Structures are given as C-alpha cells and as structure tokens.
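Chemist: output the structure for:
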Amino acid sequence: MHGYEIIHVSQIDGEFEGFDDEVLFLLMDGTCWVQDEYNYWYHYAYCPRVNILQGNGRLYIQVDGQNEIVPIRQIDGVIKSRVNGEFKGWEGDTSYELVNGQVWQQSHYKYEYKYAHRPEVLIYDPGGCQVMQVAGTSAKVRRVK
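Modeler: I've put the predicted structure just below:
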C-alpha cells in the first residue's frame, strides 16, 4: 500500500472474521492488538498472515493479500481461558465460570444466542471496560469471582 510501511509481519492465532468494533487480534508471536476505530469488514480466514503497517502517525493491521486496513493499538493483560461447560450466548446478565476459576458476568445488556461446548475465551480491556470474546461473539463483562 502506498504511504504505509510494513513494520511487523505475523499470523492471526486462530480464526479471523474481519473488522468490527474493538476486535481483538491475537497474533502467533504472542502480541495482542485491538481495533482502535469502528470499521466493519467481513473476511473469513484461518490463521492468515497479517502485516502491521505504520502510516500517518498510526498503526494499522492488514490481512496479507487484502486491501482493507484498520487502525490498531497494542494491548497487554489479555486473559485466555475456556468456559467451564456450555456457552449459550448472552441474555443480559449472563455469568460464565472459566476453567481458570474466574467468573465473569455481562455488565451491559446484549441478547445473542450461540451454542458452544467449552469454547476458548479471551477477555481484554480495549479502554474503559472489559470485553469477553467467545465463540465468534463478544459482550462487555465484569469479574465477579
């Protein structure tokens, strides 16, 4: 891309389902990046190679071979675990116990049904609240145990 410099190359650790709002990008090199500006773009790929670009004083992520980019910033402190049992989506005040012993509960209303057994969970703070990403969906949460 013209005007951008590739400063880092890695791969998404797992499924990539495009851009949305505050999406977490966990890379195979162990770094974590969060989408810094709303932009919806759907593209599915499993463990795609990604480029971290620098331009106009910002960092961006680009899936190799695609033209879409989105601003990102690096974050630390991501919790990676699994739901201890069944995940049935979000019902407004849903709580889930994780295999690491932590219990997290929705902090904002959202309803979405999605079923998965012992799915992987990522919990991160994109700025001002914590988000739990699980089975291709996410909700704002707070730790209760």
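Chemist: residues contacting the closest residue to Val83 other than its chain neighbours?
Modeler: Nearest residue to Val83, sequence neighbours excluded (C-beta to C-beta, 6 or more residues apart in numbering): Tyr96, at 5.2 Å. Just so you know, the C-beta spots here come from the backbone N, C-alpha and C atoms, and that holds for glycine as well. If a contact means C-beta atoms under 8 Å, 6 or more residues apart in numbering, then Tyr96 has Val83, Asn84, Phe87, Val103, Trp104, Gln105, Val121, Met132, Val134 as its contacts.
Chemist: next up, the contacts around the residue nearest to the fourth one when sequence neighbours are not counted.
Modeler: Ranked by C-beta to C-beta, 6+ apart and with sequence neighbours excluded, the top spatial neighbour of Val103 is Lys145, at 3.8 Å. Taking C-beta under 8 Å, 6+ apart as the criterion, Lys145 is in contact with Glu97, Gly101, Gln102, Val103.
Chemist: kindly reformat those as TSV containing neighbour count, distance to Asp36 and pLDDT.
Modeler: Below are those laid out as TSV (neighbours: other C-beta atoms under 10 Å; distance: C-beta to C-beta, whole Å; pLDDT from 0 to 100):
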residue	neighbour count	distance to Asp36	pLDDT
Glu97	15	31	98
Gly101	9	32	97
Gln102	16	27	98
Val103	13	29	98
